[in-house]
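Trainee: Could you work out the structure for the sequence below:
(chains A and B)
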Amino acid sequence: MSYTVAAGLAVLGALALDLLVLRTRLVAGRVFWTTYAIVLASQLVANGVLTGRQVVRYDPHAILGLRLAYAPVEDLGFGYALVLVTLSVWVWLGRRGVDGPTTPPAR
Amino acid sequence: MRHLTYLAVLAGCLAVAVWLEPVLRVGVLRRWRRLLLTLVPVVLVFGAWDLAGIAAHQWSYDPGQTVGVVLPGRLPLEELLFFVVVPVCAVLGYEAVRKVLRR
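Mentor: The predicted model follows:
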């Protein structure tokens, strides 16, 4: 499977996790998209350094060849899936009360 | 100094986000148990994808720009740290945005 196909599947998988599995529905709200816009700007800089300086090198046969700030466009799918899965799990765990009671017990 | 390139990028990412914890009091690092539970599946799933990509020769890392600690599967230490640093930064950003938009 090429990186292109894997990145596309990862985006679909992350969306399924958010909408169907954990039902956190982050992609329906503005908090997620505002966060993602900030993360995306940071990603273009950090990933631009990593790919521009060739810290990471890609096999030309595994990618489309379309690049944005030196990085293959597939990295956008990878980053989007990484951020959405992370935040979906974080919010889901919060709803499950992993932090414990939000108010301290009365004495 | 060249071997510190990748590590420096990760340090830069953390520096950009970690001030949100004390300044906006987002309480992400304070809720370390929830953060840790978030990181476990993310590191496992995306780490496995990374290893599969390395094994399939889809990407590789420049040994001259990493510190030289290589984990099983030819995964540089920095790449494992990436899957910790980026999610932590994302959660810090998410909680900060939530706090600011709620004001």
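
Trainee: in the chain, which residue is closest to the centre?
Mentor: Chain wasn't specified; assuming chain A. residue A:83 (2.5 Å; CA atoms, centre = their mean).

Trainee: Switch to chain B, please.
Mentor: residue B:85 (2.2 Å).

Trainee: Contact residues of chain B facing chain A?
Mentor: Contacts of chain B with chain A, taken as CB under 8 Å from any CB of the partner chain, map to B:5-6, B:9, B:12-13, B:16, B:31, B:33-35, B:37-38, B:41-42, B:45-46, B:49, B:53, B:56-62, B:65-66, B:83, B:86-87, B:89-91, B:93-94, B:97-98, B:101. For every residue, glycine as well, the C-beta is placed using N, CA and C.

Trainee: Give the buried residues for the helix or strand the residue nearest to the centre of chain B falls within.
Mentor: In this assignment (DSSP states H and E), residue B:85 forms part of helix B:77-102. Neighbour-count burial for helix B:77-102, counted by 16 or more other CB atoms under 10 Å in any protein chain shown, picks out B:78-79, B:81-83, B:85-98.

Trainee: so what secondary structure elements neighbour that helix?
Mentor: Secondary-structure packing of helix B:77-102 (3 or more CB pairs under 8 Å, 6 or more residues apart in numbering or on different chains; DSSP states H and E): helix A:30-52, helix A:74-95, helix B:5-18, helix B:20-23, helix B:32-55, strand B:70-71.

Trainee: residue contacts, the residue nearest to the centre of chain A?
Mentor: The contact partners of residue A:83, by CB atoms under 8 Å, 6 or more residues apart in numbering or on different chains, come to A:35, A:36, A:39, B:86, B:87, B:90.

Trainee: Just give me how far stretch B:52-59 sits from the chain centre.
Mentor: 20 Å (CA atoms, centre = their mean, to the nearest Å).

Trainee: Below-threshold pLDDT in chain A: ranges please.
Mentor: A:101-107 (pLDDT under 70).
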